[in-house]
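Asks: build the 3D model from these lines:
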Amino acid sequence: MLLIAASVAVACAVAGCAGPAPACSRPPDAAAVTVPDAAAGFDYQLGGAYDPPEGATVVVRDRLVEPAGAGYDICYVNGFQTQPDASAQMAEEHPELIVHVDGEPLADPGWPDELLFDTSSAAKRDALIGIVGPWIAGCGDAGYAAVEIDNLDSYTRSEGRLTLDDNMALAAEYARLAHEEGLAIAQKNTAEQSRRLAEMGYDFAITESCHRFDECDAYSDVYEVVLDIEYDDELGSGEFAEACAESSRPTTILRDHDLLTPEEDGYVYRACPRPDADAAGG
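Replies: Numbering: from 1, shown residues only. So this is what the prediction gives:
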């Protein structure tokens with residue numbers, strides 16, 4: 001694991017910063033946190049918890065699930081949309097914090113059981129921090145080392161009700177909260193905002209399909225650690241092998257799109273060979 005200290009950020013702010021140096025991106029008031037080893041094996045377990053594949057020591061799980069305890073655990077938090085099983089309750093208890101169009105809650109068109117949080121004012125963002133902040137703190141209490149905040153790009157699906165700056169203002173607060181808990185924080189997707197997020201204090205990146213969309217460099221030019229998930233319905237075995245051969249920076253795995261467990265039909269897990277080991281999975 002890499003230790004990133006606030007004092008480094010101060011020095012970099014004076015000297016200027018270029019290239020993938022996450023320590024140079026951190027604000028001077030950020031607490032020291034650890035990020036994953038850039039060469040470690042990786043697994044993404046949002047569809048259900050299971051024993052990590054051999055060699056996988058960096059594991060992402062949902063915030064409501066116990067850490068894997070395999071080495072470095074990352075806690076998934078949906079920071080800009082509701083989780084499916086909480087959508088109805090959130091819409092009933094906090095309708096003012098959900099984007100509405102024509103009087104109806106606005107759902108993510110790709111995930112129609114997830115509703116968009118309304119980040120359009122400082123007051124609403126403060127209220128959302130009051131809800132999501134305890135989730136982040138809970139990740140720390142559970143023993144996670146980092147948080148992954150999903151759906152920063154919800155503004156692109158908001159039918160004009162939200163802006164990039166609305167969501168970035170909330171993203172900055174999530175970074176502050178994570179660091180206060182001693183947790184590293186991962187950028188999730190939104191490649192074009194990598195440098196801006198790193199300057200806010202984001203420590204590493206978790207990406208989906210960066211090889212497929214040819215945007216891995218947008219992350220690895222900024223962060224030392226990039227964890228990428230490719231999906232088998234988008235990237236065939238041959239294409240995945242090519243992605244592994246072409247990539248010198250992201251830690252890349254191939255998963256099924258539903259993120260199933262090994263006991264379920266359709267489960268897929270493959271990992272690119274790592275510098276210190278053979279392939280970590282099937």
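
Asks: could you list the low-pLDDT ranges of this structure?
Replies: Applying pLDDT under 70 to the chain flags residues 1-31, 247-248, 274-282.

Asks: which residue ranges of it form helices?
Replies: Along the chain, counting by DSSP state H, helices occupy 6-15, 22-25, 87-93, 122-142, 164-180, 194-200, 216-220, 237-246.

Asks: between the fifth one and helix 122-142, how big is the angle?
Replies: Read it as helix 164-180. For helix 164-180 against helix 122-142, the angle by axes from the mean of the first three to the mean of the last three CA atoms, to 10 degrees is 30 degrees.

Asks: determine the set of other helices and strands touching helix 164-180.
Replies: Counting contacts by 3 or more CB pairs under 8 Å, 6 or more residues apart in numbering; DSSP states H and E, helix 164-180 packs against helix 122-142, strand 146-150, strand 184-188, helix 194-200. Quick note: C-beta positions are derived from backbone N, CA and C, even for glycine.

Asks: buried stuff in that helix?
Replies: 164, 166-168, 170-179 (16 or more other CB atoms under 10 Å).

Asks: re earlier: and the helices of the chain as TSV, adding distance to residue 53?
Replies: Output for the helices of the chain, formatted as TSV (distance: least, CB to CB, whole Å):
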stretch	distance to residue 53
helix 6-15	34
helix 22-25	27
helix 87-93	32
helix 122-142	22
helix 164-180	27
helix 194-200	28
helix 216-220	22
helix 237-246	15
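
Asks: wait, which of the ones you listed is closest to residue 50?
Replies: Nearest to residue 50, of all the helices of the chain, is helix 122-142, at 17.6 Å by CB to CB.

Asks: which strands and helices sit next to the closest one?
Replies: So helix 122-142, by 3+ CB pairs under 8 Å, 6+ apart, packs with strand 72-78, helix 164-180.
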